[in-house]
Every structure is written in structure tokens, then in C-alpha cells.
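Asks: Return a 3D structure for these sequence lines:
(one chain, ligands or ions: 1)
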Amino acid sequence: MTRQRRPLSATRLRAFREGLVAERAQLAGHVVDLDAEADVKNWRESGFDDDPADAGSASFERETAQSLSLHARNLLSQIDDAMRRLDDGSFGDCVTCGLRIELERLEALPYTTQCMDCRRRAETGR
Ligand SMILES: [Zn+2]
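Replies: Residues are numbered from 1 along each chain as shown. From the prediction side, this is the model:
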């Protein structure tokens, strides 16, 4: 089976863009929440009336919020990249082999930059 090189239809591209915009808005909201949470935890940790057990768990929760926030930011920048590719017309093309990324893969991960074959090759190092 040969892979299509035909450009994605305008309707499909619009759907991808709408999905990305919605996901981006949601993620941006998460980042704000997570950062606020990390801040509150930070403040509580330095509170002099907290007992040490509370401070320990606050620090753990703060680290969790920080790492989730970092993850969300990372995803946000991938989404921004995908939107740029939508603008310049390279959306849906594998950055490694240049072939069209499988539609099912794009639908599951619209901000992916590699087709399944290249991804697998990158993962196994072959
Ligand atoms: Zn590829």
C-alpha cells in the first residue's frame, strides 16, 4: 500500500486547526492552574506554623504541579509548532522522510512530526 502524497483537504486541515486551538486553550488554562498551585504550595511550605510532615507533602505536591506544568508547556510548544506547520502548508508531512503522516496517527496526535515508521525507527535506534 502506497501512502498518499495528496495534500490534506481544506476541511480536514480546518478540523485539525480547530482541534489544536481548542487543545491549546485548554492546556494554557492548565498551565495557569498548575503554576498557581505550585505557588500556593511554595508559600505554604515556608509558613512557620506548618508542621514538618505537612511541609514535606506540600513540597511533593508542588513538585508534581511543577512537573505537570512543564509537561503542559512542552505540549503547548508542540501545538504551536503544529499551527505554524498548518500556516506554512507542511502540516501532516513527516519531518524525517517527507511522506504524509498516517491520518489515524495525525488524528490521535495532531502535533506529531513523524510518521509511524520514522517514529519507530527513532525509538529503536535503527
Ligand atoms: Zn517518516
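Asks: C-alpha only now, for contacts and for neighbours.
Replies: Fine.
Asks: interface residues of this protein facing the ion?
Replies: Applying the criterion CA under 5 Å from the ion, the portion of the chain that neighbours the ion consists of 94, 96-97, 115, 118.
Asks: try 6 Å this time
Replies: 94, 96-97, 99, 114-115, 117-118 (CA under 6 Å from the ion).
Asks: where do the strands sit along this structure?
Replies: Listed in chain order, the chain contains no strands at all (DSSP state E).
Asks: just the helices in it please.
Replies: If DSSP state H is used as the criterion, the helices of the chain fall at 10-45, 52-88, 103-108, 116-124.
Asks: now the ones you listed in CSV, with mean neighbour count?
Replies: Supplementary listing: the helices of the chain in CSV, determined by neighbours: other CA atoms under 10 Å:
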stretch, mean neighbour count
helix 10-45, 16
helix 52-88, 16
helix 103-108, 13
helix 116-124, 12
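Asks: Now render these as CSV, adding mean pLDDT.
Replies: As requested, the helices of the chain are arranged in CSV below (pLDDT from 0 to 100):
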stretch, mean pLDDT
helix 10-45, 90
helix 52-88, 91
helix 103-108, 94
helix 116-124, 95
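Asks: Return the residues in contact with the nearest residue in space to E63 that is not next to it in sequence.
Replies: Leaving out its chain neighbours, the residue that sits closest to E63 by CA to CA, 6 or more residues apart in numbering is A38, at 7.3 Å. By CA atoms under 8 Å, 6 or more residues apart in numbering, A38 lies in contact with 61-63, 65-66.
Asks: try 7 Å
Replies: Taking CA atoms under 7 Å, 6 or more residues apart in numbering, we find A38 in contact with 62, 65-66.
Asks: can you list the domains in the protein?
Replies: Per automatic domain parsing, the domain ranges recorded for the chain read 10-91, 92-126.
Asks: Show me the residue at the heart of this protein, geometrically.
Replies: Averaging the C-alpha coordinates of the chain gives a centre point, and the residue nearest to it by CA atoms, centre = their mean is L75 (2.0 Å).
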